[in-house]
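A.B. asks: Below are the sequence and a predicted model for it; my questions follow.
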Amino acid sequence: MSGTIRQVFSPRRPIDRTIEKVIDYYAQEEARVAKAVAALQPVETFPRTAENIAALLYRKVGSPALLDQVREALSKLTSQKECGLIEDPQAGGYVFLSDAVKPIRDKRNGYAPTSGEAMRARIDVLKQGTADHSLFRVQPAARLENIKEVRAAVKLGRTPVVGASEDVELRLEFVEPALWDGKRNEFLIACNTQLELKNTVVLLVKNDDTVEELLPEIVRSDKVLGDVDERSADHVVAQYLRAERRAAERCRERTAAAMDKAMLEGVFIFRGKPTPVREAGETLDAAVRTILSAAVKEVFPHFHLAPVRPSTDAAAKFLGVERMDRITKDLDPLGLVVKSKGAPRVDTASPVLAEVLRVFRTKTAEAGSGRLQGSYLQDLFSAPPYGWTKDTVRYLFAALLRAGEIELHVPGAGGPVHTAGPQTVDVVKSTVSFNRIGASSRDAKLPPEALDRAARRLETLFGDEVLPLEDHISRSVRLHVPDLLEKLGSLPDRLRLLSLPGGGLGFVAGGHPGEAGRSVEIEQADTDYGARMSLGQEGKNMEKPGAGMRMKTIAFEVPEGVLASLRYNTDQFGRQLRLAAAVKWYEQGMLSQGRAADIAGVSRAEFIDALGRFGVTPFQVNTEELIQEAVDD
């Protein structure tokens, strides 16, 4: 057969010399296979597959099959790059390369991969996997309460493999077998004490020699494929490059299989507890799912308090419900609204709201400013140990607003917002809008008696059914009071026409009394120690407060530190002082609504809005009492 090969390949001296090297170096079986490939190579229509070569070498009928031996021999021959035998299906199967590719092949074989290149090759295999060993082609995840999917970032040491910033991490640590016991003990302690590993599952794996041998081969093949352009190469070089690509694929397959096996023999470590991988699952994928399912329950221990995934506009819909006694399950998925003594209320004693209130009060106290930004609140409760969606967080704070536990600071609102309304519906409608608002604890809630009294008076005045809840009362006031003020605006003129007392009452919707009122004028002068203020009163027949009045001066000093703590300048402090005094005197029944608005220096409509912000009902008297007050004046 050797003579036949030499005769066929007489013009191809490089292959002839290659065959002689194979015959001299390899065992008899490899030499016979190499001769067969060489004999078949000139026959372009005959595929040089392992099956055909085995058939060619088959001695006689009844002899043992040679396919396994042929495959093993071909594997040995192709693994030795100096031999020059490659597998190229596009060229008909196994083929010997000519010496034309020797410079490229020598450069490839002489390249020494760096540790960084070997690391990248390992990460690539872990990330891409193969057809038989997917490894981490799909990012690992586990479901919490069958509602929330928690994805785990996979890292090789500290280097990302799959996923970026996740609440849970799976960290792969490949160690030398001789260091196994020491590293195991080290991570058992570290996972239980180091904050950075608190939510990390460590997978400790013994290094496999096969992997360490294959990774440099993958790097060498990839480098030659990157250095030489197959499209512009000649036929022989292109054939070599195709063989290198296939060799790299085979190395990746073998590497993935070896790493899969090594990881199955490894151990998971989470918060100081070791779990052998094979105990968690028969396959790597099953084992990772099992350990993550257990880990996420510890990472998110409070998720069970609000195991829902509401729609984006759930909070807005919750605040938009007019009758809380008729709220449905889809608008209140956690059942936060309950009935107490026949009246609906938000149950702040429910475990989820109690926990949110506890954390909220703690964080506001730590902040020092008394309020927290909406963006911070959404991030706080969507991270461990809660893991709620941001839609759920807004829904919970909408419930706390309706319960009177918090107030919202909305840009442009002119003060804290205490009740549900169009403004609050807008700010809880989306993550972006809620990010811009602030939230703080409400200092004082209206007593149930006051709410009940206000609701009854509104029902008497307007005939509507009003529940003794702040947002119901606020909604009724917004609906009816503007019309009422407009109707009462002409009352002084009618009284004057009838020559009745009270013609100077001055009910002007959104304005000031026309005559006979009190005025408060504040003059401010900075001193070294504070703001000196002058209050004056006693005047009659004024077109506007303070005009043509004889003034009495009451002077007092306010330390600058007070203004600084309130974040007011002297002008703002004066306005707020007038407003606070007017609201308090009105609440105590010392002033009518119009007179209180005069003292505050605002319109009647603005004063009613201020009453809402201070939590004071705008109805202290009914219509008959208002008319009687006008007559008495």
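C.D. replies: Sure thing, it's come through. Note that this is a predicted model, so its numbers are computed, not measured.
A.B. asks: Domain map for this structure?
C.D. replies: 2-96, 115-299, 305-445, 450-519+569-632 (automatic domain parsing).
A.B. asks: Pipe those domains into CSV and attach distance to Lys102, mean neighbour count and mean pLDDT per row.
C.D. replies: Backbone N, C-alpha and C define where each C-beta goes, glycine included. Formatted as CSV, those follow (distance: least, Cβ to Cβ, whole Å; neighbours: other Cβ atoms under 10 Å; pLDDT from 0 to 100):
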stretch, distance to Lys102, mean neighbour count, mean pLDDT
domain 2-96, 8, 16, 69
domain 115-299, 10, 17, 93
domain 305-445, 59, 18, 91
domain 450-519+569-632, 86, 18, 68
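A.B. asks: got the ones you listed as CSV, with distance to Val562 columns?
C.D. replies: As requested, these are exported to CSV (distance: least, Cβ to Cβ, whole Å):
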stretch, distance to Val562
domain 2-96, 86
domain 115-299, 42
domain 305-445, 16
domain 450-519+569-632, 8
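A.B. asks: Quick check: which of those domains is nearest to Asp106?
C.D. replies: domain 2-96 (8.8 Å; Cβ to Cβ).
A.B. asks: Please name the nearest non-neighbouring residue to the most centrally placed residue in the chain.
C.D. replies: For the chain, the residue sitting closest to the mean C-alpha position, by Cα atoms, centre = their mean, is Ser382 at 6.4 Å. Among residues not flanking Ser382 along the chain, Lys390 sits closest, at 5.4 Å (Cβ to Cβ, 6 or more residues apart in numbering).
A.B. asks: Also Glu459?
C.D. replies: Glu459 sits nearest to Val466 (Cβ to Cβ, 6+ apart), 5.3 Å away.
A.B. asks: what's near enough to touch the one you found?
C.D. replies: 455, 458-459, 472-473, 476 (Cβ atoms under 8 Å, 6 or more residues apart in numbering).
A.B. asks: For Thr617, see how far away it is.
C.D. replies: 11 Å (Cβ to Cβ, to the nearest Å).
A.B. asks: Now the common contact residues for the two.
C.D. replies: Joint contacts of Val466 and Thr617 (Cβ under 8 Å, 6+ apart) are Ile473.
A.B. asks: in the stretch 101-250 of the chain, which spans are helices?
C.D. replies: 102-110, 115-128, 180-193, 209-227, 235-264 (DSSP state H, counting those that start in this stretch).
A.B. asks: out of the ones you listed, nearest to Ala349?
C.D. replies: helix 180-193 (35.1 Å).
A.B. asks: Convert that closest one to PDB, retaining C-alpha atoms only.
C.D. replies: The C-alpha trace of helix 180-193 is given here as PDB (Å, rounded to 0.1, in the frame of the first residue of the first chain):
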ATOM      1  CA  TRP A 180     -10.100  22.500  48.100                       C
ATOM      2  CA  ASP A 181     -10.600  22.000  51.900                       C
ATOM      3  CA  GLY A 182      -9.000  25.300  52.800                       C
ATOM      4  CA  LYS A 183     -11.100  27.300  50.300                       C
ATOM      5  CA  ARG A 184     -14.200  25.500  51.400                       C
ATOM      6  CA  ASN A 185     -13.700  26.500  55.000                       C
ATOM      7  CA  GLU A 186     -12.800  30.000  54.000                       C
ATOM      8  CA  PHE A 187     -16.100  30.500  52.100                       C
ATOM      9  CA  LEU A 188     -18.200  28.900  54.800                       C
ATOM     10  CA  ILE A 189     -17.000  31.700  57.100                       C
ATOM     11  CA  ALA A 190     -17.000  34.500  54.500                       C
ATOM     12  CA  CYS A 191     -20.500  33.800  53.300                       C
ATOM     13  CA  ASN A 192     -21.800  34.100  56.800                       C
ATOM     14  CA  THR A 193     -19.900  37.200  57.800                       C
END
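A.B. asks: and it, what does it pack onto?
C.D. replies: Applying 3 or more Cβ pairs under 8 Å, 6 or more residues apart in numbering; DSSP states H and E, we find helix 180-193 packed against strand 168-175, strand 200-206, strand 267-270.
A.B. asks: Dump those strands to CSV, plus distance to Val161.
C.D. replies: Formatted as CSV, the helices and strands packed on helix 180-193 follow (distance: least, Cβ to Cβ, whole Å):
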stretch, distance to Val161
strand 168-175, 7
strand 200-206, 11
strand 267-270, 16
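A.B. asks: The ones you listed: which one's closest to Gly412?
C.D. replies: That would be, of these and by Cβ to Cβ, strand 168-175, which comes in at 40.4 Å.
A.B. asks: The closest one vs helix 235-264, what angle?
C.D. replies: 100 degrees (axes from the mean of the first three to the mean of the last three Cα atoms, to 10 degrees).
A.B. asks: okay, the angle between strand 168-175 and helix 115-128?
C.D. replies: Going by the same axes, to 10 degrees, strand 168-175 makes 130 degrees with helix 115-128.
A.B. asks: partners of strand 168-175 in the sheet?
C.D. replies: strand 148-156 (parallel), strand 200-206 (parallel) (DSSP bridges).
A.B. asks: re the thing from before, which of the helices of the stretch 101-250 of the chain sits closest to Thr424?
C.D. replies: Per Cβ to Cβ, nearest to Thr424 of the helices of the stretch 101-250 of the chain: helix 180-193, 44.4 Å.
A.B. asks: Other residues contacting that closest one?
C.D. replies: Contacts of helix 180-193 (Cβ under 8 Å, 6+ apart): 173, 175, 197, 200, 202, 204, 206, 267, 269-272, 274.
A.B. asks: and if we set it to 6 Å?
C.D. replies: Helix 180-193 has contacts (Cβ atoms under 6 Å, 6 or more residues apart in numbering) with 175, 197, 202, 204, 206, 269, 271-272.
A.B. asks: on that earlier part again, would it be right to say that the residue nearest to Glu459 lies in a strand?
C.D. replies: No. Per DSSP: H, G, I helix; E, B strand; the rest coil, Val466 lies outside any strand segment and is coil.
A.B. asks: So what does it have for phi and psi?
C.D. replies: The phi/psi pair for Val466 (degrees, to the nearest 10) reads phi -120, psi 120.
A.B. asks: Tell me the spacing between it and Val481.
C.D. replies: Taking Cβ to Cβ, one finds Val466 at 13 Å from Val481.
A.B. asks: Also Glu587?
C.D. replies: For Glu587, the distance to Val481 - Cβ to Cβ - is 17 Å.
A.B. asks: Tyr376 now?
C.D. replies: Distance from Tyr376 to Val481, by Cβ to Cβ: 36 Å.
A.B. asks: Same question for Arg358.
C.D. replies: 37 Å.
A.B. asks: now Lys584
C.D. replies: 20 Å.
A.B. asks: try Pro384
C.D. replies: In terms of Cβ to Cβ, Pro384 sits 47 Å off from Val481.
A.B. asks: what's the answer for Pro422, then?
C.D. replies: Distance from Pro422 to Val481, by Cβ to Cβ: 16 Å.
A.B. asks: Then His304?
C.D. replies: 45 Å.
A.B. asks: same check, this time on Cys83
C.D. replies: For Cys83, the distance to Val481 - Cβ to Cβ - is 97 Å.
A.B. asks: do Ser369 as well
C.D. replies: For Ser369, the distance to Val481 - Cβ to Cβ - is 34 Å.
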